[in-house]
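Visitor: Curious how this folds, go ahead:
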Amino acid sequence: MLTRAQLGELIERGEIETVLTVFPDMYGRLMGKRITGHFFMDHVADDGMHACDYLLACDMEMDVIPGYKYTSWETGYGDFHCVPDLSTLRFASWLPKTAIVLCDLYTQEEEIVEVAPRRMLQRQLARAKEMGFTVMGGSEIELYLFNETFDSAKAKNYHDLRPIGDYNEDYHILQGTKEDELVGAIRRHLDNSGVPIEFSKGEAGLGQQEINLQFCDALEQCDRNILYKHAAKEIAWQQNRAITFMAKWDERHTGSSCHIHMSLWDGDESAFKGDTPLVGKITSNDTFRHFLGGWMQRARELSACYAPYVASYKRYQSRSWAPTGIAWSYDNRTAGFRVVGKGKSLRVECRLPGADTNPYIAYAAAIAAGLDGIANKVEPPAIFQGDVYAAQS
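Guide: Predicted coordinates:
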């Protein structure tokens, strides 16, 4: 991470020339501008920049969509004010002489843009804080690597693509070594850019990998998620490779997830710890149960936040490692809600979100549901024992 003063010194020494000044759109992509270092320090660091507000009301192909109340042809598609959050300032080590900073969005009247994804999460974190909680989270985000460039994949109309691997490489070190020119570069550049990495590992698909980011508070986790996905694409492009975070790029291959691990904390203590038996020697308390109950109760109606595209739903197939039922169990990968850990590490792993989810929206939905469960004392259903897939067949 960089302070403003450190950035200024690096710019003066010629070690930083460009500051990517960006914000996440509705699809979890980074939008913004490349700003010269001196101009950023002289004008943008304090005053921000402007961008067209259609960027929160367009489709994946960047075409405007009619009917939004927020902005439209009728309102003239004006600007919003992008204000850098300097606590997010860091190197973008995969690009030469470049730093990157995330922005929050405001209207021309300096009112915060409530529909911006980062703001959606901030609102729910504020609710949690009012209830005495800090939200901590960690994401497991999977991706596929291809022996293609982005251009060659497009030329094929995304059919008959060649995954980089030809073997189920789940935890397989030899297969991982074959792919580490790219995956290793992603790990190193993220670590060098203030996005701490725990590990990478092969997954069950051909050419499928998972890269895990260190556990931290939920806003920082989502910032890291978005930077990881952006950097991975650019690093792949630099190596003449293609990657995808689609939840289900091909029906023949295992889907890619964004498993969300979440817990509530009160200062330095987990708010999930307790003396009520949960399973075996694992105990919890009312906060844990009601948070889990609320999250489960709202899972179906919030599914669009976890599976935002048509292809996202194709991931939910029996015996595919993706969940097909709203059930919870302890350390059971057939359940949509897998409870793991004990004591301070006790947490809920939600296996519903795909790798294509916008993390800010997915986390915001999860927190809103869990806090609703605490407020209304929602009890989860009984723990499920066994194979959830078999129970539904």
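Visitor: contacts and neighbour counts: CA atoms only from here.
Guide: OK.
Visitor: which stretches of the stretch 151-300 of the chain form helices?
Guide: Assignment of helices within the stretch 151-300 of the chain using DSSP state H, counting those that start in this stretch yields the ranges 173-178, 180-191, 218-238, 286-297.
Visitor: can you give me the strands in the stretch 251-393 of the chain?
Guide: Chain-ordered strands for the stretch 251-393 of the chain, with DSSP state E, counting those that start in this stretch as the definition, fall at 258-266, 269-270, 276-279, 282-284, 328-330, 337-340, 347-350.
Visitor: so which of the ones you listed comes closest to Tyr360?
Guide: Proximity to Tyr360 (CA to CA) singles out strand 258-266 among those, at 11.5 Å.
Visitor: Output that closest one as PDB, nothing but the C-alphas.
Guide: Presented in PDB, the C-alpha positions along strand 258-266 are these (Å, rounded to 0.1, in the frame of the first residue of the first chain):
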ATOM      1  CA  CYS A 258     -16.600 -17.500  -5.500                       C
ATOM      2  CA  HIS A 259     -17.100 -19.200  -2.100                       C
ATOM      3  CA  ILE A 260     -17.600 -16.500   0.500                       C
ATOM      4  CA  HIS A 261     -16.300 -17.200   4.000                       C
ATOM      5  CA  MET A 262     -17.900 -14.700   6.500                       C
ATOM      6  CA  SER A 263     -17.900 -14.000  10.300                       C
ATOM      7  CA  LEU A 264     -18.900 -11.200  12.600                       C
ATOM      8  CA  TRP A 265     -16.500  -9.800  15.100                       C
ATOM      9  CA  ASP A 266     -16.800  -7.600  18.200                       C
END
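Visitor: and it, what does it pack onto?
Guide: In terms of contacts (3 or more CA pairs under 8 Å, 6 or more residues apart in numbering; DSSP states H and E), strand 258-266 is packed against strand 134-146, strand 347-350.
Visitor: picking up where we left off before, redo the helices of the stretch 151-300 of the chain as CSV? Include distance to Thr98, mean neighbour count and mean pLDDT.
Guide: Compiled in CSV, these are given as follows (distance: least, CA to CA, whole Å; neighbours: other CA atoms under 10 Å; pLDDT from 0 to 100):
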stretch, distance to Thr98, mean neighbour count, mean pLDDT
helix 173-178, 29, 15, 93
helix 180-191, 12, 19, 98
helix 218-238, 12, 20, 98
helix 286-297, 40, 24, 98
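Visitor: Can you convert the ones you listed into a markdown table and add a column each for distance to Ile260?
Guide: Conversion of these to a markdown table gives the following (distance: least, CA to CA, whole Å):
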| stretch | distance to Ile260 |
| --- | --- |
| helix 173-178 | 23 |
| helix 180-191 | 20 |
| helix 218-238 | 10 |
| helix 286-297 | 12 |
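Visitor: and of those helices, who's closest to Pro117?
Guide: When those are ranked by proximity to Pro117, the top entry is helix 218-238, at 10.3 Å, counting by CA to CA.
Visitor: my read: Tyr68 touches Ala57, true?
Guide: Yes: Tyr68 is in contact with Ala57 according to CA atoms under 8 Å; the separation is 6.9 Å.
Visitor: More neighbours: which of those two?
Guide: Each of Tyr68 and Ala57 had its neighbours counted (other CA atoms under 10 Å), and the higher figure belongs to Ala57 (22 against 13).
Visitor: Out of the helices and strands packed on strand 258-266, which one sits most buried?
Guide: Burial among those, expressed as mean neighbours by mean count of other CA atoms under 10 Å, is greatest for strand 347-350, which shows a mean of 26.
Visitor: Parallel or antiparallel, list what pairs with that one.
Guide: The sheet places strand 347-350 alongside strand 258-266 (antiparallel), strand 337-340 (antiparallel), with pairing taken from DSSP bridges.
Visitor: Need those in a markdown table (columns: distance to Lys201 and mean neighbour count).
Guide: A markdown table is the format used below for the strands paired with strand 347-350 (distance: least, CA to CA, whole Å; neighbours: other CA atoms under 10 Å):
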| stretch | distance to Lys201 | mean neighbour count |
| --- | --- | --- |
| strand 258-266 | 14 | 23 |
| strand 337-340 | 19 | 22 |
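Visitor: number of nearby residues for Thr21?
Guide: Other residues near Thr21 come to 26 when the count uses other CA under 10 Å.
Visitor: Next up, phi/psi of the nearest residue to Thr3 once chain neighbours are set aside, please.
Guide: Closest residue to Thr3 in three dimensions, ignoring its sequence neighbours and counting by CA to CA, 6 or more residues apart in numbering: Leu89, at 7.0 Å. Torsion angles at Leu89 (phi, psi; degrees, to the nearest 10) stand at phi -70, psi 130.
Visitor: Report the contact partners of Leu89.
Guide: If a contact means CA atoms under 8 Å, 6 or more residues apart in numbering, then Leu89 has Met1, Leu2, Thr3, Arg4, Ala99, Ile100, Val101, Leu102 as its contacts.
Visitor: quick revisit: okay, the strands of the stretch 251-393 of the chain in a markdown table with distance to Glu234 and mean pLDDT next?
Guide: Output for these, formatted as a markdown table (distance: least, CA to CA, whole Å; pLDDT from 0 to 100):
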| stretch | distance to Glu234 | mean pLDDT |
| --- | --- | --- |
| strand 258-266 | 20 | 98 |
| strand 269-270 | 37 | 96 |
| strand 276-279 | 44 | 93 |
| strand 282-284 | 43 | 94 |
| strand 328-330 | 37 | 96 |
| strand 337-340 | 33 | 97 |
| strand 347-350 | 28 | 98 |
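Visitor: and the ones you listed as TSV, adding distance to Ile186?
Guide: Listed next are the strands of the stretch 251-393 of the chain as TSV, based on distance: least, CA to CA, whole Å:
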stretch	distance to Ile186
strand 258-266	17
strand 269-270	32
strand 276-279	38
strand 282-284	36
strand 328-330	32
strand 337-340	28
strand 347-350	25
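Visitor: Which of the contacts of Leu89 ranks first by neighbour count?
Guide: With neighbours set by other CA under 10 Å, the maximum within those is found at Ala99, which has 28 neighbours.
Visitor: I figured that one was touching Ala92, is that so?
Guide: Yes: under the criterion of CA under 8 Å, Ala99 makes contact with Ala92 at 4.9 Å.
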